[in-house]
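K.L.:
Below: sequence and its predicted model.
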Amino acid sequence: MWEKPPPPPLLRHDLATNCDLAFVKGDANYRCLLGDLAWDMIDEFEDVEGAYFPCPVCALRTLKAEVGCEIEKGLVERANGLDEACSVNGRFGVVQFSMGAGGGVVVATD
């Protein structure tokens, strides 16, 4: 994933102008969305990716890698208490949403 080039400008433009809501589904796609970087679990999704995505975005994933954000410390501790491998075995998941860089405004074009 670290070798993956950034999305082409035309794709970003298409998402910004033609998409009311994008879904990013699955662990690998989520990790790509976050740059597969070790964010602090309490960092806000909006700050990590949401404010940069060209349209509103909803991320759906089961936890299969130790990459994530905006998960309250208490929930992480609780999940670790239930299952030490909670961040990598797919037992738990998250749903995250952001209005995106455009604040959810879709620009109409001719």
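P.N.:
Okay, I see it.

K.L.:
Could I get the contacting residues of the nearest residue to residue 94 once chain neighbours are set aside?
P.N.:
Using C-beta to C-beta, 6 or more residues apart in numbering and skipping residues adjacent in sequence, the residue nearest residue 94 is residue 61, 6.1 Å away. Quick note: C-beta positions are derived from backbone N, CA and C, even for glycine. Residue 61 makes contact with 24, 25, 26, 27, 29, 30, 93, 94 under the criterion C-beta atoms under 8 Å, 6 or more residues apart in numbering.

K.L.:
Just the buried ones from these, in PyMOL syntax?
P.N.:
Selection of buried members from the contacts of residue 61 for PyMOL, criterion 16 or more other C-beta atoms under 10 Å:
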select buried, resi 24+27+30+94
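
K.L.:
between the contacts of residue 61, which is nearest residue 18?
P.N.:
For the contacts of residue 61, the residue nearest residue 18 by C-beta to C-beta is residue 24; the value is 16.7 Å.

K.L.:
Got the phi and psi for the closest one?
P.N.:
phi -110, psi 110 (degrees, to the nearest 10).

K.L.:
Next, find the distance separating the nearest residue to residue 49 once chain neighbours are set aside from residue 96.
P.N.:
Leaving aside its chain neighbours, residue 49 sits nearest to residue 33 (5.4 Å; criterion: C-beta to C-beta, 6+ apart). Residue 33 is 9 Å from residue 96, where distance means C-beta to C-beta, to the nearest Å.
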